[in-house]
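Participant: here are the coordinates; sequence isn't available:
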């Protein structure tokens, strides 16, 4: 998914300098962002937040829907670029069609994973197909790539069969990394985890955690209670390293995501759909995209998205000031 804001805020992250101890928990409430034109679908963006900008290598989290596809045409995100990250597409309801510059053309359904690794650069589109179910609801997340892998070739994976188990009435599906002794086949580049938890009303689940990881609980469709907090749909609860499990409960049938990873120890600059390390790198990626957008196929960085006939998304203007890093967590 693209960040379609006309004036995207610079999201700058740095962990290279010593910092004061972060709070054990922090509730990140989302802001609403329109995803497209006048009939745009609204998403709720909780990460990056005002104070906290990453959880492990996870650096972006949008929740969208439930949306009536007939009334709003669902998701219609035209071809757009990414660098330095992985996109994680997860659905609760509906279908989304992914197409990219590698020639991938993949429909993702609930319980399946689309994982795109941008590396040095890739363009893709995500659209609700014409014959999709009437309701669309899901999440889009990004994972920052570490220095050793961020300039590698782009890659796309689709995983229709992910490890899952049931406990205490809940169902847990492992999206990335390892949870409860089950490991996802998805390829990751830093120590991290991601899981969907389906909680029936009135149930409680004690989910095992890696004590070395920081974690986040992202409610998708109903309030979830965790660590003394009520996490409303679209909100994200941060939990610092240390605990070996987390108790999750709900008064309603609920879907939620639990994400986590080792605190990311590299300086990042995030702007629009790019994750880089400095201002000049972001400028170079924007210049390459605009060149490819006006003359598709002229640059080796962003191959055209074959099969998507819509016009590519223009890059917003860069800010007047140079993009500079700032702490991943603001005290």
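Facilitator: Cool, got the structure. None of the values given here were measured: they were computed from a predicted structure.
Participant: what is the helix or strand encompassing residue 126 packed up against?
Facilitator: Using DSSP states H and E, residue 126 maps to strand 122-127. Helices and strands touching strand 122-127, by 3 or more Cβ pairs under 8 Å, 6 or more residues apart in numbering; DSSP states H and E, are strand 76-82, strand 96-100. For glycine as for every other residue, the C-beta is placed from the backbone atoms N, C-alpha and C.
Participant: list the buried residues of stretch 139-152.
Facilitator: 139-145, 150 (16 or more other Cβ atoms under 10 Å).
Participant: check the offset of it from the chain's centre.
Facilitator: 11 Å (Cα atoms, centre = their mean, to the nearest Å).
Participant: tell me how far the ends of it are from each other?
Facilitator: 26 Å (Cα to Cα, to the nearest Å).
Participant: before we move on, the earlier item: gap between the strand holding residue 126 and the chain center?
Facilitator: The answer for strand 122-127 is 14 Å, by Cα atoms, centre = their mean.
Participant: and for stretch 155-171?
Facilitator: When C-alpha coordinates are averaged (Cα atoms, centre = their mean), stretch 155-171 and its chain have centres 17 Å apart.
Participant: for this structure, which segments count as helices?
Facilitator: In the chain, the segments counted as helices under DSSP state H are 69-72, 279-294.
Participant: any idea which of the ones you listed is most buried?
Facilitator: Compared across the helices of the chain, helix 279-294 shows the largest average neighbour count, a mean of 18 (mean count of other Cβ atoms under 10 Å).
Participant: now the angle from that one to strand 122-127?
Facilitator: Between helix 279-294 and strand 122-127, the angle comes out at 60 degrees (axes from the mean of the first three to the mean of the last three Cα atoms, to 10 degrees).
Participant: helix 279-294 to strand 76-82, inter-axis angle?
Facilitator: Going by the same axes, to 10 degrees, helix 279-294 makes 130 degrees with strand 76-82.
Participant: to residue 237, which of the helices of the chain lies closest?
Facilitator: The closest of those to residue 237 is helix 69-72. By Cβ to Cβ, the value is 28.7 Å.
Participant: geometric centre of the chain: which residue is closest?
Facilitator: residue 141 (0.7 Å; Cα atoms, centre = their mean).
Participant: how about it, nearest residue that isn't a chain neighbour?
Facilitator: Spatial nearest neighbour of residue 141, chain neighbours left out: residue 88 (4.4 Å); criterion: Cβ to Cβ, 6 or more residues apart in numbering.
Participant: correct me if wrong: the one you found contacts residue 184.
Facilitator: No - between residue 88 and residue 184 there is no contact under Cβ atoms under 8 Å: 10.7 Å.
Participant: joint contacts of the two?
Facilitator: Common neighbours of residue 88 and residue 184, using Cβ atoms under 8 Å, 6 or more residues apart in numbering, are 113, 175-176, 194.
Participant: what is the nearest of those to residue 47?
Facilitator: For the shared contacts of residue 88 and residue 184, the nearest to residue 47 is residue 194 (12.7 Å; Cβ to Cβ).
Participant: do you know how far that closest one is from residue 57?
Facilitator: For residue 194, the distance to residue 57 (Cβ to Cβ, to the nearest Å) stands at 10 Å.
Participant: then residue 221?
Facilitator: Residue 221 is 25 Å from residue 57, by Cβ to Cβ.
Participant: the more surrounded of the two?
Facilitator: residue 57 (27 against 18; other Cβ atoms under 10 Å).
Participant: which residues touch the more buried one?
Facilitator: Residue 57 touches 143-146, 189-190, 192, 261, 264, counting by Cβ under 8 Å, 6+ apart.
Participant: farthest pair in those residues?
Facilitator: 145 and 261, at 12.5 Å, using Cβ to Cβ across the contacts of residue 57.
Participant: start and end of stretch 50-69, how far apart?
Facilitator: 31 Å.
Participant: enumerate the positions of it that are buried.
Facilitator: Going by neighbour count (16+ other Cβ under 10 Å), the buried part of stretch 50-69 is 52-67, 69.
Participant: any low-confidence regions in the chain?
Facilitator: The model of the chain has pLDDT under 70 over residues 1-7, 9-23, 36-40, 326-328, 331.
Participant: swap the cut-off to 80 and go again
Facilitator: 1-23, 35-40, 70-72, 296-299, 325-331 (pLDDT under 80).
Participant: surely the residue nearest to the centre of the chain touches residue 56?
Facilitator: No - here residue 141 lies out of contact with residue 56, judged by Cβ under 8 Å, at a distance of 11.2 Å.
Participant: quickly list what's touching both of the two.
Facilitator: With Cβ under 8 Å, 6+ apart, residue 141 and residue 56 have common neighbours residue 259.
Participant: before we move on, the earlier item: dump the buried residues of stretch 139-152 to JSON lines, plus distance to residue 107.
Facilitator: Formatted as JSON lines, the buried residues of stretch 139-152 follow (distance: Cβ to Cβ, whole Å):
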{"residue": "139", "distance to residue 107": "17"}
{"residue": "140", "distance to residue 107": "16"}
{"residue": "141", "distance to residue 107": "19"}
{"residue": "142", "distance to residue 107": "21"}
{"residue": "143", "distance to residue 107": "22"}
{"residue": "144", "distance to residue 107": "27"}
{"residue": "145", "distance to residue 107": "26"}
{"residue": "150", "distance to residue 107": "28"}
